[in-house]
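1. when you get a sec, could you give me coordinates for this:
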Amino acid sequence: MYRSRLGNDLSDITLDYVSSIDDDSEIALYDILGSQAHVLMLYETQIITKTDAKKILSALNDLKKEKFDSSSGAEDIHELIETLVIKKAGMASGGKMHTARSRNDQVVLDIRMKIRDDINILCSCIVDTIEALVSLAKNHQKTVMPLYTHLQQAQAGVFSHYLLAHADVLFRDFERLSATFEHVNQCPLGAGPVGGTSIPIDRHSTASMLGFDGIVENSLDATSSRDFVAEYISMIAILMTNLSKIAEDFVIWSTSEFSFIELADEFTSPSSVMPQKKNPDILELTRGKTAEVIGNLTAILTTIKGLPSGYGRDLQQVKSSIWSSSKISISALLIFKSILLTLRVNEKNMKKATESSYLIALDIAENLVQKGIPFRTTHKIAGGLVQIAYASKKSLSKLDLKEIKKAVEGTKTDPTLVQEIIQDTTISSSLKERKSFGSSGYSEQKRMIGDRMEKINSYRVTSTKRINDISKIFENLSKKVEEITR
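-> You can find the predicted model right below:
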């Protein structure tokens, strides 16, 4: 239908090469909804008659229930839907549906509507995953574990502190996607192919009917820009990178060498030959799928970086990267929520790892600081204590006065004072006394968990409101269509 200028249809091989019909199944419903709003606008501005509008809208309503045939010979979903509308409504009426619009503003409208819905789904899933993290944290405020830097044990902490750290990261993912929603939720419809139209349409009317916050005003910008797509996939790439980090931790911690956690059977798989194996395949796939999303972002940026102003068919290739990234990230969040809710935590092994190391060394140094000794001096003393304890295969608490004297030599520090502080400093005392804002101390865990629960409720309200607002918009659109078609 679109190739009337050229006279000849495409060969099967060429059609298969240029067709996006398989990818377009994701936006078929959005194309129908966008077409309904466009037709209502054409009727309300008296560009088409009520009879024409009724026939077109009825045909579009029927298509909502139809499963589209990818072997139809159409180049894309836009051509296929228009062809079917003309078939149902007749050329005299159906042929008017495409008045004052182009595939160029049509496709970008559909993409914006699809991304808008995907953002809302993602934000809802993020809140659910955060809630799972915080719920697990509630149960592990006193579960002692080592905190790491450079994959080396650094300080004593609690498992809740680790979980809350990732909850805070996901809050930022929510915020980033919410900001992206504002950029996506602008209507391009009515921009035409690139320079607008001479037909007196009302772009604000269609934008309002479809629930957009505003309009992409410049017609060239509206049809040829895909920076909003790059922004959206960038946000997903960051989100997936954050989830991949948790996956990596859990892969390491579920090994027999660590055995800090155990994944539920449904999130692991056995070896094909070694019956004792319990492989963390789901977590490993998360790392791999994160690479796929980063690849999608690279593909999108590479596509749009070399295009001149105005629409280019290259942009067709962007769609599959969007759908893939949305599907991967939504699935990853759903799975992570379930993993967290079924996670078995080996508190005994976490505590053993914490107590078998020298994680109170910094606490000893800080306790000496509170006795008026310069930190650099206390740092040297604590380092000497660890060195002596390690060489003699002792814990710090087992060092005798003679060994302590050796560690404080040259510092003018009373070895008896150091011995008293060593005896009084334990993992438990360390976590009780660590009260700096946002620390892994016991008291801060309780405060932060309460704060995060309030934040979850606030963010859920925001997410639910956006979903409900769009749902109401489409209910109103449906009512308008019914008024015309009955």
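2. secondary structure element for the spatially closest residue to residue 153 that is not a sequence neighbour?
-> Among residues not flanking residue 153 along the chain, residue 146 sits closest, at 4.2 Å (Cβ to Cβ, 6 or more residues apart in numbering). In short, each C-beta sits where N, CA and C put it, glycine included. Using DSSP states H and E, residue 146 falls within strand 144-149.
3. quickly run through the sheet partners of that strand, with directions.
-> Applying DSSP bridges to the sheet, strand 144-149 is found paired with strand 152-158 (antiparallel).
4. okay, buried residues for the partner strand please.
-> Within strand 152-158, the residues scored as buried using 16 or more other Cβ atoms under 10 Å are 153, 155-158.
5. separation between the residue nearest to residue 153 and residue 159?
-> Distance, residue 146 to residue 159, using Cβ to Cβ, to the nearest Å: 11 Å.
6. equivalent analysis for residue 253, please.
-> As judged by Cβ to Cβ, residue 253 and residue 159 stand 10 Å apart.
7. residue 117 now?
-> Taking Cβ to Cβ, one finds residue 117 at 36 Å from residue 159.
8. residue 222 too?
-> 50 Å.
9. where do the strands of the stretch 151-300 of the chain begin and end?
-> Assigned by DSSP state E, counting those that start in this stretch, the strands in the stretch 151-300 of the chain fall at 152-158, 186-187, 214-215, 261-262.
10. residues in contact with the most centrally placed residue in the chain?
-> Closest to where the C-alpha atoms of the chain average out (Cα atoms, centre = their mean) is residue 239, at 4.0 Å. The contact partners of residue 239, by Cβ atoms under 8 Å, 6 or more residues apart in numbering, come to 122, 126, 170, 173, 176-177, 329.
11. now with 7 Å?
-> When contacts are counted by Cβ atoms under 7 Å, 6 or more residues apart in numbering, residue 239 touches 173, 329.
12. what's around the closest residue to residue 264 other than its chain neighbours, how many residues?
-> If the residues on either side of it in the chain are set aside, residue 264 comes closest to residue 342, at 3.8 Å by Cβ to Cβ, 6+ apart. The number of residues packed around residue 342, counting by other Cβ atoms under 10 Å, is 14.
13. any idea how far residue 342 is from residue 263?
-> 8 Å.
14. repeat for residue 298
-> Residue 298 sits 31 Å away from residue 263, going by Cβ to Cβ.
15. the more surrounded of those two?
-> The residue with more neighbours, out of residue 298 and residue 263, is residue 263; 21 against 13, by other Cβ under 10 Å.
16. quick one: pLDDT of that one?
-> We have a pLDDT of 94 for residue 263.
17. that one contacts residue 284, correct?
-> No. Counting by Cβ atoms under 7 Å, residue 263 sits too far from residue 284 to count as a contact (11.4 Å).
18. rounded mean pLDDT for stretch 366-384, please.
-> Across stretch 366-384, the average pLDDT comes to 95.
19. can I get it in PDB? Just the C-alpha atoms.
-> This file holds the C-alpha atoms of stretch 366-384, laid out as PDB (Å, rounded to 0.1, in the frame of the first residue of the first chain):
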ATOM      1  CA  GLU A 366      39.400   4.500  67.500                       C
ATOM      2  CA  ASN A 367      38.900   3.600  71.100                       C
ATOM      3  CA  LEU A 368      42.500   4.700  71.700                       C
ATOM      4  CA  VAL A 369      41.800   7.900  69.900                       C
ATOM      5  CA  GLN A 370      39.100   8.600  72.400                       C
ATOM      6  CA  LYS A 371      41.800   8.400  75.100                       C
ATOM      7  CA  GLY A 372      43.500  11.400  73.500                       C
ATOM      8  CA  ILE A 373      46.100   9.500  71.300                       C
ATOM      9  CA  PRO A 374      46.500  10.700  67.700                       C
ATOM     10  CA  PHE A 375      44.800   8.500  65.100                       C
ATOM     11  CA  ARG A 376      48.000   8.000  63.100                       C
ATOM     12  CA  THR A 377      49.700   6.600  66.300                       C
ATOM     13  CA  THR A 378      46.700   4.400  67.100                       C
ATOM     14  CA  HIS A 379      46.600   3.100  63.500                       C
ATOM     15  CA  LYS A 380      50.300   2.100  63.800                       C
ATOM     16  CA  ILE A 381      49.600   0.400  67.200                       C
ATOM     17  CA  ALA A 382      46.600  -1.600  65.800                       C
ATOM     18  CA  GLY A 383      48.600  -2.600  62.800                       C
ATOM     19  CA  GLY A 384      51.400  -3.900  65.000                       C
END
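20. and that stretch, what's buried?
-> Buried residues in stretch 366-384 (16+ other Cβ under 10 Å): 366-368, 373, 377-382, 384.
21. again, but for stretch 303-311
-> Neighbour counts using 16+ other Cβ under 10 Å place 303-304, 311 of stretch 303-311 among the buried residues.
22. between the buried residues of strand 152-158, which sits nearest residue 320?
-> Of all these, residue 157 has the smallest distance to residue 320: 42.8 Å, by Cβ to Cβ.
23. got the domain ranges for this structure?
-> What automatic domain parsing lists as the domains of the chain is 12-99, 104-146+158-353+449-475, 361-425.
24. which of those domains has the lowest mean pLDDT?
-> domain 12-99 (a mean of 88).
25. quick revisit: in CSV, list the buried residues of strand 152-158 along with distance to residue 187.
-> Shown next, in CSV, are those (distance: Cβ to Cβ, whole Å):
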residue, distance to residue 187
153, 54
155, 52
156, 54
157, 49
158, 49
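26. closest one of the residues you listed to residue 400?
-> Out of those, the member with the shortest distance to residue 400 (by Cβ to Cβ) is residue 156, at 23.9 Å.
27. which pLDDT does the model give that closest one?
-> For residue 156, pLDDT reads 95.
28. distance of it relative to residue 452?
-> Remark: distance between residue 156 and residue 452 (Cβ to Cβ) = 22 Å.
29. and stretch 151-168, how far out from the chain middle?
-> Computed by Cα atoms, centre = their mean, to the nearest Å, the chain-centroid distance of stretch 151-168 equals 22 Å.
30. got it, and stretch 443-461?
-> 20 Å.
31. go on, stretch 438-454?
-> Distance, stretch centre to chain centre, for stretch 438-454: 24 Å (Cα atoms, centre = their mean).
32. 23 is where my numbering starts, stick with that
-> Sounds good: first residue 23 from here, last item stretch 460-476.
33. list of residues touching it?
-> Contacts of stretch 460-476 from elsewhere in the structure, counted by Cβ under 7 Å, 6+ apart, are 156, 159-160, 163-164, 169, 179-180, 182-183, 186, 189, 453-454, 456-457.
34. residue 139 and residue 181 - which one has more neighbours?
-> Remark: of residue 139 and residue 181, residue 181 carries more neighbours, 23 against 16, as counted by other Cβ under 10 Å.
35. so what's the more buried one up against?
-> Contacts of residue 181 (Cβ under 7 Å, 6+ apart): 162, 165, 167, 367, 372.
36. include neighbour count when you put these into JSON lines, please.
-> JSON lines is the format used below for those (neighbours: other Cβ atoms under 10 Å):
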{"residue": "162", "neighbour count": "19"}
{"residue": "165", "neighbour count": "22"}
{"residue": "167", "neighbour count": "25"}
{"residue": "367", "neighbour count": "17"}
{"residue": "372", "neighbour count": "23"}
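37. wait, which of the residues you listed is closest to residue 69?
-> The closest of those, once distances to residue 69 are taken by Cβ to Cβ, is residue 162, at 63.6 Å.
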